[in-house]
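> Got a predicted model here, sequence first, then my questions.
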Amino acid sequence: MSYVEVELVANAGVLVSYGEVNILIDGIHCEDGHPFCKVSPTDFRLMKTGAPPFARLDYLLFTHEHPDHFTPAMVGEQLKHRPVKAVFMPARRCGSNELENLYDLVREAGIEAQALGLNPGESKKYELDEGITLTVVGTRHMGPQYQNVPNDCFMLSLGGVNLLFTGDADHVAEYYEESLLSVELDAVFVNPIFYHNSEGRKIIRDIFRSENVVVYHLPSDENDPLQLRLTVERAMEHYSGCGIHTHIFQEKRQKLNFGSSNL
Ligand SMILES: [Zn+2]
């Protein structure tokens, strides 16, 4: 089996590396108005200049257009400096004027754009590079106030390693059953609410059935008004004894490797 590295950029922003291919998920955002970490100006500079860890950026994936995941204008800025092979993002109808502008920019630049925002439970498969496939699974954003916001989950298969990134997906079993019940996941990335919620826990145990659960989308310890870190710590007790290994993914540049023995 090959080796996949996942590195935390900011909040639910992660850089997935496999061989020479780098995939950035929810990793370009710079807006305020939430307690979560933004992508730092330093990281934007590194992205623009192609410096490590962003020496290669092949695909940009965005689960949904919320300011702690995806700033379309910033993506446009980035693409002017360095084009990518393809951008996967919510369809125009799901978003803002800035999102529409990004679609125009991407088209003019001749960059492939995949318009997502799939219906809940719907899935679509894409071949990215050799040995890499992406399965997009449609869900809704969690929280009653966001039920009209589509949230696409990304299941990346990289040389036999299967990683699921759920963004802010709601904990509704029907969204996942059909497309994921037969998949052997090596790790699933969930936010603290999904991890803590009893329906979310059932989905993690019965549908995802992954030995490794990575909790991402955590604020810093110093600025945690929603007490999410405490929420996660309380929830960890519910998982004890069921063979699930929880990883807290909170520190910038923190890395996890899959498909090797150092978990
Ligand atoms: Zn979020």
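That came in fine, so what should we check first?
> what about the one helix or strand in the chain whose mean pLDDT sits lowest, near the ion?
The least trusted helix or strand in the chain, going by mean pLDDT, DSSP states H and E, turns out to be helix 228-239, with a mean of 92. No: on the criterion Cβ under 5 Å from the ion, helix 228-239 is out of touch with the ion, staying 11.1 Å away. C-beta: built from backbone N, CA, C; applies to glycine.
> Tell me how far that helix lies from the chain's centre.
The chain centre lies 21 Å from the centre of helix 228-239; the measure is Cα atoms, centre = their mean, to the nearest Å.
> Also stretch 193-211?
Mean-position distance between stretch 193-211 and its chain equals 17 Å (Cα atoms, centre = their mean).
> Would you mind pulling the contact partners of that stretch?
Identification of contacts with stretch 193-211 by Cβ atoms under 8 Å, 6 or more residues apart in numbering yields 142, 164, 166, 169, 171-173, 176-177, 180-181, 184-188, 190, 213, 215, 228, 231-232, 234-235, 238-239, 242-246.
> what ranges do the helices span in the stretch 1-150 of the chain?
Assigned by DSSP state H, counting those that start in this stretch, the helices in the stretch 1-150 of the chain fall at 41-49, 72-81, 97-108.
> what residues does the protein put near the ion?
Within the chain, the positions adjacent to the ion are 68, 168 by Cβ under 5 Å from the ion.
> what stretches of the chain score poorly on pLDDT?
Scanning the chain for pLDDT under 70 picks out 1-2, 260-263.
> which one of the helices of the stretch 1-150 of the chain has the most crowded surroundings?
helix 72-81 (a mean of 18; mean count of other Cβ atoms under 10 Å).
> That one vs helix 97-108, what angle?
20 degrees (axes from the mean of the first three to the mean of the last three Cα atoms, to 10 degrees).
> Who is residue 60 paired with across the strands?
Beta-bridge partners for residue 60, by DSSP bridges, are residue 24, residue 87.
> ugh, typo on my part, it should be residue 17
residue 5, residue 22.
> so who does it touch?
By Cβ under 8 Å, 6+ apart, the contact list for residue 17 reads 4, 5, 6, 7, 23, 53.
> Columns neighbour count and distance to residue 114 on top of these, output as JSON lines?
JSON lines is the format used below for the contacts of residue 17 (neighbours: other Cβ atoms under 10 Å; distance: Cβ to Cβ, whole Å):
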{"residue": "4", "neighbour count": "26", "distance to residue 114": "22"}
{"residue": "5", "neighbour count": "17", "distance to residue 114": "24"}
{"residue": "6", "neighbour count": "26", "distance to residue 114": "21"}
{"residue": "7", "neighbour count": "20", "distance to residue 114": "23"}
{"residue": "23", "neighbour count": "30", "distance to residue 114": "13"}
{"residue": "53", "neighbour count": "18", "distance to residue 114": "24"}
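> got a list of what the closest residue to residue 71 other than its chain neighbours touches?
Nearest non-adjacent residue to residue 71, counting by Cβ to Cβ, 6 or more residues apart in numbering: residue 29, 4.5 Å away. By Cβ under 8 Å, 6+ apart, residue 29 lies in contact with 10, 11, 13, 38, 39, 67, 68, 69, 70, 71, 74.
> 10 Å - rerun?
9-13, 36-39, 62, 65-72, 74-75 (Cβ atoms under 10 Å, 6 or more residues apart in numbering).
> ditto for residue 100
Per Cβ under 10 Å, 6+ apart, neighbours of residue 100: 72, 92, 93.
> do the same with residue 4
Contact analysis of residue 4 by Cβ under 10 Å, 6+ apart lists 16-19, 23, 132, 156-163, 186-187, 256-260.
> And for residue 46?
The neighbourhood of residue 46, defined by Cβ under 10 Å, 6+ apart, consists of 40, 52, 53, 54, 55.
> Pull the most distant pair out of those residues.
Across the contacts of residue 46, no pair lies farther apart than 40 and 55, at 17.4 Å, counting by Cβ to Cβ.
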